[in-house]
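*Asks:* Dropping the sequence and predicted coords here.
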Amino acid sequence: MKEHILSWLSTECPWRDTLYWYDTIDSTNTKAKELAKDGAPHGTVLIAGHQTGGRGRLGRSFSSPAGMGVYLSVILRPNCPPEDLMHLTCATAVAMCEAVEKASGIRPGIKWTNDLVFRKKKLGGILTELSVNQITGLVDYAIIGIGINCCQTIGDFPPEIQDMAASLSMVSGKLVTPTSLAAAMIEALVDMDRILLAEKENIMDLYRKDCITLGQEILVVRGGEFSYGTAVDLDADGGLVVRFADGCVRTVTSGEVSIRGMYGYI
Ligand code: BTN
C-alpha cells in the first residue's frame, strides 16, 4: 500500500522517505507521538488503513473503518514558540480543502475550527497536538492528525453519526480512492509547511473564504455553559470572534461551537 501511495506522490516530495504505512493501528496520532519522542524527523508521515482507536477533538472518537478513509498524521518540528502556531489547525484545514478538491473535484467548507464539511455533513476532521520543550519554551514537535471519509456509504458510519457524516464518494458521486487522496493530502501539507510561519495573514485570508461558520447563528458550549451568538469574524490566530446575545463581542478559542441547522442543532 505504501508503494501505491508513493506512486501517486511527486518524485520531488521531500517527505517520501519518511512515510510509514500501518494496516491497522489504534491511532496514527498516538503512534506519531511515540515516534516523535524517539526523535522521528520533521515530515514523518504515518498513514493507516484502519484505526481501532481513532481520536477526535474534545475526547471524541473518530470512526476509521478499514479501507474507507484516509487516517494520516504528520510530525512537524518548526522550532518556534507555541504562540507562532496558533493558526496550525486553520492552515491545515485550508490545505485539506485544496487536497480534497484536487482528488475529488469537491471543495469542502470548514466548520470552525477543524471540521471539513459539505452541505452540512462532516467529511473529516483535524486533530493537532503540540509538545513544548520545558527548557527552551519552543515547540519540540507538532502532530497534525487528519481523518477524511472517502468511500463509506451511509450504513458504514456508526448509527449515532449517520445523520451528520458523509464520505467524498457520497457527495461527489465518484469513487475517490484513499491512496490518491492520501497523496494529495501529503503534497498539500508540504506546501502548507513551506508557508506556515511566513504567510500567516494570507493563510487566514484563505481560511476566511472557506469557513462556513462566519455569519451564522451559533451555540458555544464551554465548561458546561451554553451561550448563543453570531460568528462575526476570525482573529489573526484563528480565534472565532462572536457577538453574543447580550451584545458583548468576545473571541472564542476553544470549546464546542455548533451552527444552527447543522449536526442536530435546530
Ligand atoms: C475531529 O473530528 O475532531 C478530528 C478527527 C481527527 C482524526 C484523525 S484520523 C488520523 C489521526 N489519528 C487520530 O487518532 N486522529 C486523527
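*Replies:* Received the coordinates, thanks.
*Asks:* all contacts plus neighbour counts: C-alpha atoms, from now on.
*Replies:* Fine.
*Asks:* residue boundaries of the strands in this protein?
*Replies:* 19-22, 44-48, 69-76, 109-111, 115-118, 121-132, 139-149, 217-222, 225-234, 240-244, 249-252, 256-259 (DSSP state E).
*Asks:* any idea which of the ones you listed is most buried?
*Replies:* For the strands of the chain, the largest average neighbour count (mean count of other CA atoms under 10 Å) is found in strand 69-76, namely a mean of 26.
*Asks:* which parts of the chain sit against the ligand?
*Replies:* 27-29, 54-57, 62, 71-73, 124-127, 145-147 (CA under 6 Å from any ligand atom).
*Asks:* before we move on, back to that, any idea which of the strands of the chain gets closest to residue 2?
*Replies:* Across those, residue 2 has its closest neighbour in strand 19-22 (5.7 Å, CA to CA).
*Asks:* Send over that closest one as CSV, restricted to the C-alpha atoms.
*Replies:* Extracted in CSV, the C-alpha atoms of strand 19-22 (Å, rounded to 0.1, in the frame of the first residue of the first chain):
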residue,chain,number,x,y,z
LEU,A,19,6.4,7.7,5.0
TYR,A,20,5.1,4.8,7.2
TRP,A,21,2.1,2.6,6.4
TYR,A,22,0.1,0.6,9.0
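*Asks:* Show me what it pairs with in its sheet, parallel or antiparallel.
*Replies:* Using DSSP bridges, the strands paired with strand 19-22 are strand 44-48 (parallel).
*Asks:* show me the contacts for the residue nearest the centre of the chain.
*Replies:* Taking CA atoms, centre = their mean, the centroid of the chain lies closest to residue 126, which sits 2.2 Å from it. Applying CA atoms under 8 Å, 6 or more residues apart in numbering to residue 126 gives the contacts 56-57, 89, 92-93, 114-115, 144-147.
*Asks:* could those go into a markdown table alongside distance to residue 173 and pLDDT?
*Replies:* Shown next, in a markdown table, are those (distance: CA to CA, whole Å; pLDDT from 0 to 100):
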| residue | distance to residue 173 | pLDDT |
| --- | --- | --- |
| 56 | 27 | 95 |
| 57 | 29 | 92 |
| 89 | 28 | 97 |
| 92 | 25 | 98 |
| 93 | 23 | 98 |
| 114 | 24 | 95 |
| 115 | 21 | 96 |
| 144 | 29 | 98 |
| 145 | 26 | 98 |
| 146 | 22 | 98 |
| 147 | 20 | 98 |
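*Asks:* got any ranges where this structure has weak pLDDT?
*Replies:* Scanning the chain for pLDDT under 70 picks out the ranges 264-266.
*Asks:* residues near the nearest residue to residue 262 once chain neighbours are set aside, how many?
*Replies:* Counting by CA to CA, 6 or more residues apart in numbering, residue 120 is the residue found nearest to residue 262 once chain neighbours are left out, at 5.7 Å. Residue 120 has 19 neighbours, counted by other CA atoms under 10 Å.
*Asks:* returning to that earlier point: ignoring the adjacent residues along the chain, who's closest to the residue nearest to the centre of the chain?
*Replies:* Computed as CA to CA, 6+ apart, the closest residue to residue 126 that is not its neighbour in sequence is residue 146, at 4.5 Å.
*Asks:* Report the beta-bridge partners for that neighbour.
*Replies:* Note on residue 146: beta-bridge partners residue 72, residue 126, judged by DSSP bridges.
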